[in-house]
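Trainee: okay, structure incoming, though there's no sequence with it:
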DNA sequence: ATATGTCATCTAGCATTGATAGATTGTCAA
DNA sequence: TTGACAATCTATCAATGCTAGATGACATAT
């Protein structure tokens, strides 16, 4: 009786097509262009079908954000993995962070700045994908600090700020490397 | 012939009532609640009157943001003014920054995270209010660094990141002071 | 093979939004 | 008083998120 399984599979496939389309449209035309009608058209189904997968538009956005955190985490881990030593890992991760944020601006935007229900600090409501991302950052901070949690939060905040201010055109892209070097040096120095 | 002047004055007054209402509603119910109809109702005029003051909804939001930058700048300057020495000024300004961001969350949101046309890094398009805010921050950084521009950008980014991550519930409010202390120490230490 | 009942999907529509066209009112100068 | 202009309103548009109810397909029991 593989019929039910096939249906499940096709359903999951269609669900992914929705989030993939949402992400693609957002990256190309901004999140305002991601409308239910547009998504329905994209997957070649009528609008109510979208609502059989997601409770509302926000839930779609949130699903894209969660997928973003997965990719983010693995990119950070990869950056740490290919490093020669702990200090180099810190540099590489910092660079990878900014690179990720500036490469997928719409994705990053929805992960961090658009209002979604995703939370970090409340252990109850935090999704595992978010916690994993934090741990990946903490891993490269740990060798240098005893106040790992606080230092990681601050490290993260600095990188996030650099990404956001540059994304919104408020600081100069030309001296990105210098700012990154400052942050890394700070973390090493105490 | 003070009639024209009176009209100008009344018009300017009405325009301010619009932005004040927008800000108030946003602070109480979020920016999604700031609709043209709601604003029209608030100032007791019909909707098209709003459009005789602002080209579109975004222009209203932007006007609120600009006013926010004015207040922000003066709060930062005040924090620096009442300080005992340069180091204390740095601490006070950092604290004032976070305090401002967390006290007027909707205002801060529109100043920094909602998509508006406001820019910093491009000297041509940067509004004077934004530049003034940057200078106010740079003023307290200057005593400690030769790379003032870069250090200020990084300082700003760190504070912005701390504010945003805390505002969106991604880092713990309980250790805010410790994170702030880290940022200040970093800036002092090199 | 066919009838049946369930589930999947669609058509049509709702209320709300930003924005605008055109009618209407008010005001001031001649 | 009247004519013209400016200020303001009513009415409406198209797009949006979302949902109710009709319609269709399809697996299963006989």
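Mentor: Structure received. Only a predicted model underlies this, so the values are computations on that prediction, with no experimental measurement involved.
Trainee: in the longest helix along chain A, what's buried?
Mentor: Looking across chain A with DSSP state H, the single longest helix is helix A:3-29. For helix A:3-29, a neighbour-count test (16 or more other Cβ atoms under 10 Å in any protein chain shown) marks A:14, A:15, A:17, A:18, A:19, A:21, A:22, A:23, A:25, A:26, A:27 as buried. Quick note: C-beta positions are derived from backbone N, CA and C, even for glycine.
Trainee: thought residue A:149 was touching residue A:137?
Mentor: No: using Cβ atoms under 8 Å as the test, residue A:149 is too far from residue A:137 to be in contact (10.9 Å).
Trainee: of the two, which one has the most company?
Mentor: Neighbour tally, residue A:149 and residue A:137, criterion other Cβ atoms under 10 Å in any protein chain shown: the higher count belongs to residue A:137, 22 against 15.
Trainee: and chain A, which of its residues are near DNA strand C?
Mentor: Within chain A, the positions near DNA strand C by Cβ under 7 Å from any atom of the strand are A:7, A:11, A:45, A:46, A:47, A:48, A:49, A:52.
Trainee: how close does the first one get to residue A:46?
Mentor: The reference is to residue A:7. Here residue A:7 is placed at a distance of 18 Å from residue A:46 (Cβ to Cβ, to the nearest Å).
Trainee: circling back: run the chain-centre distance for the longest helix of chain A.
Mentor: Remark: helix A:3-29 is offset 19 Å from the chain centroid, using Cα atoms, centre = their mean, to the nearest Å.
Trainee: tell me what it is packed against?
Mentor: Contacts defined by 3 or more Cβ pairs under 8 Å, 6 or more residues apart in numbering or on different chains; DSSP states H and E place helix A:3-29 against helix A:36-43, helix A:47-53, helix A:57-81, helix A:105-112.
Trainee: out of those, the one nearest residue A:142 is which?
Mentor: helix A:57-81 (10.9 Å; Cβ to Cβ).
Trainee: quick one, the closest one and helix A:36-43 angle?
Mentor: 60 degrees (axes from the mean of the first three to the mean of the last three Cα atoms, to 10 degrees).
Trainee: what about the helix or strand residue A:166 falls within, near chain B?
Mentor: Using DSSP states H and E, residue A:166 maps to helix A:148-167. Yes: shown here: helix A:148-167 in contact with chain B (Cβ under 8 Å from any Cβ of the partner chain) through A:149-151, A:153-154, A:156-162, A:164-165.
Trainee: are any of those residues buried, and which?
Mentor: Neighbour counting with 16+ other Cβ under 10 Å marks A:150-151, A:153-154, A:156-162, A:164-165 as buried within the residues of helix A:148-167 next to chain B.
Trainee: which one among those gets closest to DNA strand D?
Mentor: Nearest to DNA strand D, judged by Cβ to the nearest atom of the strand, of these is residue A:164 at 24.1 Å.
Trainee: is it true that the closest one touches residue A:102?
Mentor: No: counting by Cβ under 8 Å, residue A:164 stays clear of residue A:102, with 10.4 Å between them.
Trainee: pick the most buried one from the helices and strands packed on helix A:3-29.
Mentor: helix A:105-112 (a mean of 22; mean count of other Cβ atoms under 10 Å in any protein chain shown).
Trainee: ok, and does that helix reach over to DNA strand D?
Mentor: No: figure legend: helix A:105-112 not in contact with DNA strand D (Cβ under 7 Å from any atom of the strand); closest approach 13.8 Å.
Trainee: so which other helices or strands are in contact with that helix?
Mentor: helix A:3-29, helix A:57-81, helix A:86-103, helix A:148-167.
Trainee: could you export those to JSON lines, including columns for distance to residue B:90 and mean pLDDT?
Mentor: Formatted as JSON lines, these follow (distance: least, Cβ to Cβ, whole Å; pLDDT from 0 to 100):
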{"stretch": "helix A:3-29", "distance to residue B:90": "39", "mean pLDDT": "90"}
{"stretch": "helix A:57-81", "distance to residue B:90": "31", "mean pLDDT": "96"}
{"stretch": "helix A:86-103", "distance to residue B:90": "23", "mean pLDDT": "98"}
{"stretch": "helix A:148-167", "distance to residue B:90": "16", "mean pLDDT": "97"}
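Trainee: CSV please, covering the helices and strands packed on helix A:3-29 and showing distance to residue B:35.
Mentor: Shown next, in CSV, are the helices and strands packed on helix A:3-29 (distance: least, Cβ to Cβ, whole Å):
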stretch, distance to residue B:35
helix A:36-43, 20
helix A:47-53, 24
helix A:57-81, 18
helix A:105-112, 23
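Trainee: closest one to residue B:92 among those?
Mentor: Of all the helices and strands packed on helix A:3-29, it is helix A:105-112 that lies closest to residue B:92, at 27.8 Å by Cβ to Cβ.
Trainee: tell me which of the buried residues of helix A:3-29 is nearest to chain B?
Mentor: Closest approach between the buried residues of helix A:3-29 and chain B, by Cβ to the nearest Cβ: residue A:26, at 12.2 Å.
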